[in-house]
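Chemist: 3D, please:
(one chain, ligands or ions: 2)
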Amino acid sequence: AQLIKLEDYKETPYVIENVSLVFKLQPEATEVISTLTLSRREGTEVGAPLELDGDELTLVSVAIDRAVLAEEAYEASPKKLVVHTPPADTFKLEVVTKVNPTTNTKLEGLYLSQGIYCTQCEAEGFRRITYYYDRPDVLSVFTTRIEADKATNPILLGNGNPKDAEDIEGTDRHFAVWHDPHPKPAYLFALVAGDLACTSEKYTTASGKPVDLNIYVEKGNEDRTDWSMDSLVRSMRWDEKVFGREYDLDVFNIVAVSAFNMGAMENKGLNIFNDKFILADSDTATDMDYEGIETVVAHEYFHNWTGNRITCREWFQLCLKEGLTVFRDQEFSSDERSRPVKRIADVIRLKSRQFPEDQGPLSHPVRPTEYKEINNFYTATVYDKGAELVRMIKTILGADGFRKGMDLYFERHDGDASTIEDFLKCFEDANQLDLSHFSLWYHQSGTPFVKANGSYDEAAKTFTLELEQNTAATPGQDEKKPFFIPIRFGLVGPNGDDLAYTSVEGAHVDGDLLHLTEDKQTVVFQGIGSKPVPSLLREFSAPVKLESTLSREDQIFLMRHDIDPFNRWQATQTLMTELLIELTNGEEPAGKDAFIEALGHMAEDENLDYAFRGFGLMLPSEQDIALEIGKEVDTDAIGKARDAFSKEIGVTLYDTFKRIYDAMEMPATFSPDALSAGKRALKLRCLSYLGAAQTKESAALTKAHFDNADNMTDRMGALTVLVIWQLAGAQDALKAFEARHKDTALAMDKWLSIAARAPSEDAIAAIRTLTEHPAFSWDNPNRIYALIGGFLGGNTRGFHAADGSGYDYLAEITLQLDKTNPQVASRMAKSFGTWKNMNAERRVKAEAALKRILAADQQLSTDVKEIVELCLD
Ligand code: DPP
Ligand code: ZN
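Modeler: Ligands and ions are numbered 1, 2, ... in the order given. You can find the predicted model right below:
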């Protein structure tokens, strides 16, 4: 496959002024009639060829201005349509193609999911429907007519506003016409047809415009949409209030389907969702599911302004819409819930998903400059690190300066296909400042390591901070320049209050914000009355790895006293990680007992949020520890050390955890609100340590928790403890869960993912058995993400088994999945991304497995091939 480069960007020679589409839906042979009004772009030579993208298309006919084209006038293949000499002026190109929605297992383009026709066009799925300039900088006004059997497809949905809808006389078919007045790129096109249930609500925008909100689901699921509708209404209100952005059509439709590669898709006026992010009730959804739904509903809605009204010039700019929209959904959730707890959750996600990407062969800049398959770049780097960059802009400019820049961005670029440069320019112009150094974050990949060393001079009353930054080489970037790193900080005095300084030298410092801009900087604070403990990178003000030289006593001090809740959590994590690494190495760490004692205090500290305490008690995962160790990793040693440490904490603090567990008062009826969810989280965290202690009493308590659970959070939480610690009753509980939920696929996904994590001598045999279970299917991405993804991400010892069985299995299923759904196959294959950090024994096996994929006797997709080649590079 070809390498696509940012520097090769060129405008199209022709402009598509408007698009009229007719779909004659049939399960195996849908006819698509596309009429494009085209005109030659200024500067294009008269008669220059018109080249449109296609993918697996069957051409029926081509006409220009109603005259069928002679065969020699064009060239058509499944991947391309070239009209050799188009007319000089505006003309209408009419192309008829045929597609087969039933056999479309890639779930890109038009496909059938449980009898529902739906589409997925981002990034390059529209070319699987008709020939087109399938790229984000070609914006056009779309009108769509959908024809289908009335009995099986009573609901017909398209982008924009509904126009006509009628029966087609003399047939058992009907049609609907939809018109979208907002010019849009093809990736935002969507269509849905099927027999769907609907829940509706009326919304009035801030300026008084009425909007019909509808959520469509498979019949029988209509009583599980309350939460997603509630989330939608709150998102719409929030965007009006916080960003001054209103909705712009008469209807906003959401459709949930069960087979969907991604989480959801922001098609204009017609969002299509993976049903995992729409359906919820207390019996089948966990608190995390409720939060996920709130986030994704908001995210897709927010795309209407950041993504749809202002889209990307080319796919290299993906972070322009994704990083920004993730930032917006994070802010929304922070406002709706607890800000510090949300921040901790987002940082855990960043560190566990993006940091590994950035420290391995798949590392790439937030705005990449080349790719072979764009689907491979919907990554944690583009999304989550992309959001961190927007957050840093806000940190540097302050809330008002940030809002001014955003206002200017909306004003200046509404209707455009833009770039990161356009975006940054708005903040510069609105605030009269230069962000050129900052912009390096978009181009230079890798996670910077920041080292900080503080010293206090009692006589001079000065505190000196030696700061250093260093970014390791990443693929394609050997030399690294220093980043512009905003560091929020406090100098914590002996009584826990921040100490004031009288003046400072060596860096730009404004209040509690310091700009680290060089490789090395020595910063001297004057007028510091007593020896402080520096609390750095408060709120995680930059996506860096901070290596602090604080003593364990100082870390414990911050864990107890820092006024920044994020850094209290961070101090706890840092200590846990240090201790776990020493334990992995077979050492007996100093300060372990003091730490466990401090953990007990944190668990019981009534001044802290329940959810915060739940997070504070959570040990870094085996994967997190592996990443922290970084080289010559032995996952068995990590797993053993972590198990032993969990058990030691559980045994030592048994009474504390039991006391908290027993005292927690739960509301009589289930509610997904943040406070109740926090209580459940803390209670379950205590239960997990009690379970780790593996006493008869704790096994019985966990089983009782499972049996008495009146909601999925408690049921799943207790089941996980039973299975992971192999407590008495685990097998019964697995059976009971299965019996209760066997007809609810999304609930059984949880069962599959817990089963995939179970400790086992032969993990692969266990996974193979699970793939035979009726709840599993190789055809549905959610089932694969639950079982296979659950294994790869949650069973570190199994996947990285020293005998290479995990790697062999991943190679096998990558090849198998690539035949039906390359996007899912390549997502799974990305788990190879950390193989170079493993010890030699494991590296040999991983490398062999990767090479076996390349050597296989089958045509590999661009998706899988690119990932495997990058891993081997
Ligand atoms: N549907 C994906 C998202 O919203 C891609 N745009 O992030
Ligand atoms: Zn998005």
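
Chemist: For this structure, which residues are neighbours of ligand 1?
Modeler: 122, 262, 264-266, 299-300, 303, 322 (CB under 6 Å from any ligand atom). To be clear about C-beta, it is placed using only N, CA and C from the backbone, and glycine gets the same treatment.

Chemist: Okay, and which of those residues map to strands?
Modeler: 264-265 (DSSP state E).

Chemist: Export the residues of the chain next to ligand 1 as a markdown table, with columns for pLDDT, neighbour count and distance to ligand 2.
Modeler: Shown next, in a markdown table, are these (pLDDT from 0 to 100; neighbours: other CB atoms under 10 Å; distance: CB to the ion, whole Å):
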| residue | pLDDT | neighbour count | distance to ligand 2 |
| --- | --- | --- | --- |
| Glu122 | 98 | 24 | 9 |
| Met262 | 98 | 18 | 9 |
| Ala264 | 99 | 23 | 8 |
| Met265 | 99 | 24 | 8 |
| Glu266 | 99 | 23 | 6 |
| His299 | 99 | 26 | 6 |
| Glu300 | 99 | 24 | 7 |
| His303 | 99 | 25 | 6 |
| Glu322 | 99 | 24 | 5 |
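
Chemist: okay, among the residues of the chain next to ligand 1, which ones form the most distant pair?
Modeler: Glu122 and His299 (13.5 Å; CB to CB).

Chemist: rewinding a little: and of the residues of the chain next to ligand 1, the nearest to Ala380?
Modeler: Glu322 (10.6 Å).

Chemist: which residue sits closest to that closest one, ignoring its sequence neighbours?
Modeler: Leaving aside its sequence neighbours, Glu322 sits nearest to Tyr383 (CB to CB, 6 or more residues apart in numbering; 4.9 Å).

Chemist: what's that neighbour in contact with, if anything?
Modeler: 319, 322-323, 326 (CB atoms under 8 Å, 6 or more residues apart in numbering).

Chemist: Kindly report the same for Thr130.
Modeler: Taking CB under 8 Å, 6+ apart, we find Thr130 in contact with 21, 32, 34, 54, 57, 95, 97.

Chemist: Next one: it from Leu93, what distance?
Modeler: 11 Å (CB to CB, to the nearest Å).

Chemist: shared neighbours of these two, anything?
Modeler: Common neighbours of Thr130 and Leu93 (CB under 8 Å, 6+ apart) are Ser34.

Chemist: Just checking, which helix or strand of this protein averages the lowest pLDDT?
Modeler: Least confident helix or strand of the chain, by mean pLDDT, DSSP states H and E, is strand 545-548 with a mean of 92.

Chemist: Can you name every helix or strand that the following helix or strand past it contacts?
Modeler: Per DSSP states H and E, strand 545-548 leads on to helix 552-561 as the next helix or strand towards the C-terminus. Packed against helix 552-561 by the contact rule (3 or more CB pairs under 8 Å, 6 or more residues apart in numbering; DSSP states H and E) you find strand 485-492, strand 533-536, helix 565-584, helix 592-604.

Chemist: Can you add mean neighbour count and give the ones you listed back as CSV?
Modeler: Output for the helices and strands packed on helix 552-561, formatted as CSV (neighbours: other CB atoms under 10 Å):
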stretch, mean neighbour count
strand 485-492, 22
strand 533-536, 23
helix 565-584, 22
helix 592-604, 17
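
Chemist: As JSON lines, the ones you listed with mean pLDDT and distance to Asp414 would be great.
Modeler: Converted to JSON lines, the helices and strands packed on helix 552-561 look like this (pLDDT from 0 to 100; distance: least, CB to CB, whole Å):
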{"stretch": "strand 485-492", "mean pLDDT": "98", "distance to Asp414": "29"}
{"stretch": "strand 533-536", "mean pLDDT": "98", "distance to Asp414": "40"}
{"stretch": "helix 565-584", "mean pLDDT": "98", "distance to Asp414": "35"}
{"stretch": "helix 592-604", "mean pLDDT": "98", "distance to Asp414": "48"}
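
Chemist: so can I have TSV of these showing distance to Gly43?
Modeler: Converted to TSV, the helices and strands packed on helix 552-561 look like this (distance: least, CB to CB, whole Å):
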stretch	distance to Gly43
strand 485-492	43
strand 533-536	53
helix 565-584	53
helix 592-604	66
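
Chemist: Using TSV, lay out these together with distance to ligand 2.
Modeler: Listed next are the helices and strands packed on helix 552-561 as TSV, based on distance: least, CB to the ion, whole Å:
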stretch	distance to ligand 2
strand 485-492	25
strand 533-536	32
helix 565-584	25
helix 592-604	35
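
Chemist: between the ones you listed, which one is nearest to Asp743?
Modeler: So among the helices and strands packed on helix 552-561, helix 592-604 is nearest, using CB to CB, at 38.6 Å.

Chemist: same for the closest one, what does it pack against?
Modeler: helix 552-561, helix 565-584, helix 610-616, helix 635-652, helix 654-663.

Chemist: If you compare the directions of the second one and helix 552-561, what angle comes out?
Modeler: Put plainly, it is helix 565-584. 140 degrees (axes from the mean of the first three to the mean of the last three CA atoms, to 10 degrees).

Chemist: Name the helix or strand for the closest residue to ligand 1 within the stretch 751-873 of the chain, please.
Modeler: Nearest residue of the stretch 751-873 of the chain to ligand 1, counting by CB to the nearest ligand atom: Gln823, 11.8 Å away. Using DSSP H and E, Gln823 sits within helix 822-829.
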